[in-house]
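*Asks:* predicted model and sequence below, questions to follow.
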Amino acid sequence: MKKKLSLIVLGIFNVCMLTWAQTPYQLPKLPYEYNSLEPHIDAQTMEIHHSKHHAAYIKNLNTALQSQPYQNLPLTDLFKNISNYSDAVRNNAGGHYNHSLFWSILTPKQNTQPSIQLQNAIVKQFGTLDSLKKTMQKQAMSKFGSGWVWLIVTDKYELKITTTSNQDNPLMNIVEQKGTPILAIDVWEHAYHLKYQNKRVDYLTAIWNVINWEEVSRLYRASLPAIENWTALTAAKNLVPTINAKNTSNVTIVALKTFETSPTPVFFESDNTKLLKVKMTEMALALENKNKPKADKLELMKKEILDLISKIEQENK
């Protein structure tokens, strides 16, 4: 019952997040209680941060947009040309978006983990998850004054850590490093000073206990092209079931070999994609051989390949 209720609350929160694209903007209801993140983030900080600071950004944003021709633009559209708007719009639109994202990637749920897809990307870019955390913490500690530290997906679909000052974010056209945010950590003092005073490092260490890696993984997946866009995989999925040892053309064998040499998009790389290339080549070599595999052996090879394709698709949902 509790799990069902949590899903309902999370669904309501996600609907509220859609108000980023509506005016007047509204304060999203959190999918957890103010005290749910204790002892890592205390209830008083959460209540003030959400109901006072975030609410103020929304109120000021609605005021700044009132009667303006661009008042109905989604926040993400405002950010694309934020340099054209007033500081009031820039600061408060940023404050609303940044905090909404921040609440969504926090959770009282213990020990959430990155998806296989995100884990692979983290390992490729940073070596380990711990290395990612240390790098984000280092950049957050070196951020002078108020601001944010971000994990973003670049236009080349690579993970990158960056920081912004005040309420700027990587979607704005005025920042040096642009990208799609999937994880944000608030390093304004109001995010931690009641509990941690001036010990920013203690706050940055504690916050990893309440990061919602399931949501970060969902945001990462949403920032990438769909698995259906990997045409080589789709072609393999359609080709393999049609293969018959008694009637295999050179075109089929070439197609199997070509899969091995075709580039795998970096965001789909995994142990399963590497193994799939091996299995496709093994089948091509077996079909080239004068002593072609028997029907039962070929069916087993086909099943292994199709099972791998299914796993890859599952990893990238």
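*Replies:* In hand now; what should we look at?

*Asks:* please count neighbours and contacts with C-alpha atoms only from this point.
*Replies:* Fine.

*Asks:* stretch 166-179: which residues count as buried?
*Replies:* When neighbours are counted by 16 or more other Cα atoms under 10 Å, the buried residues of stretch 166-179 are found to be 166, 167, 168, 169, 170, 171, 172, 173, 177, 178, 179.

*Asks:* then it to CSV, C-alphas only?
*Replies:* Taking C-alpha atoms only, stretch 166-179 is exported to CSV below (Å, rounded to 0.1, in the frame of the first residue of the first chain):
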residue,chain,number,x,y,z
ASN,A,166,23.7,32.2,-8.7
GLN,A,167,20.6,30.7,-10.4
ASP,A,168,22.1,30.2,-13.9
ASN,A,169,22.0,26.7,-15.4
PRO,A,170,23.4,24.8,-18.4
LEU,A,171,20.3,25.3,-20.5
MET,A,172,20.9,29.1,-20.6
ASN,A,173,22.5,30.6,-23.7
ILE,A,174,24.8,32.8,-21.5
VAL,A,175,26.7,29.9,-19.9
GLU,A,176,30.0,28.6,-21.3
GLN,A,177,29.3,24.9,-20.9
LYS,A,178,25.8,24.0,-22.2
GLY,A,179,24.0,20.7,-21.8
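
*Asks:* quick one: contacts of it?
*Replies:* Stretch 166-179 is contacted by residues 76, 79-83, 90-92, 94-95, 98, 146-148, 152-155, 162, 164, 180-181, 188 when judged by Cα atoms under 8 Å, 6 or more residues apart in numbering.

*Asks:* quick check on the residues you listed: which are buried?
*Replies:* Applying 16+ other Cα under 10 Å to those, the neighbour count classes 76, 79, 82, 90-92, 94-95, 98, 147-148, 152-154, 162, 164, 180-181, 188 as buried.

*Asks:* re the thing from before, out of the buried residues of stretch 166-179, flag the one nearest to residue 304.
*Replies:* Using Cα to Cα, the shortest approach to residue 304 within those belongs to residue 179, at 37.5 Å.

*Asks:* quick one: mean pLDDT over stretch 253-266.
*Replies:* Model confidence over stretch 253-266, given as mean pLDDT, is 85.

*Asks:* next one: stretch 234-247
*Replies:* 87.

*Asks:* which intervals of this protein have sub-threshold pLDDT?
*Replies:* Scanning the chain with the threshold set as pLDDT under 70 gives 1-23.

*Asks:* residue ranges of the strands in it, please?
*Replies:* Taking DSSP state E as the criterion, the chain carries its strands at 147-153, 159-165, 180-186.

*Asks:* let's have those in TSV, adding distance to residue 299.
*Replies:* As requested, the strands of the chain are arranged in TSV below (distance: least, Cα to Cα, whole Å):
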stretch	distance to residue 299
strand 147-153	40
strand 159-165	39
strand 180-186	42
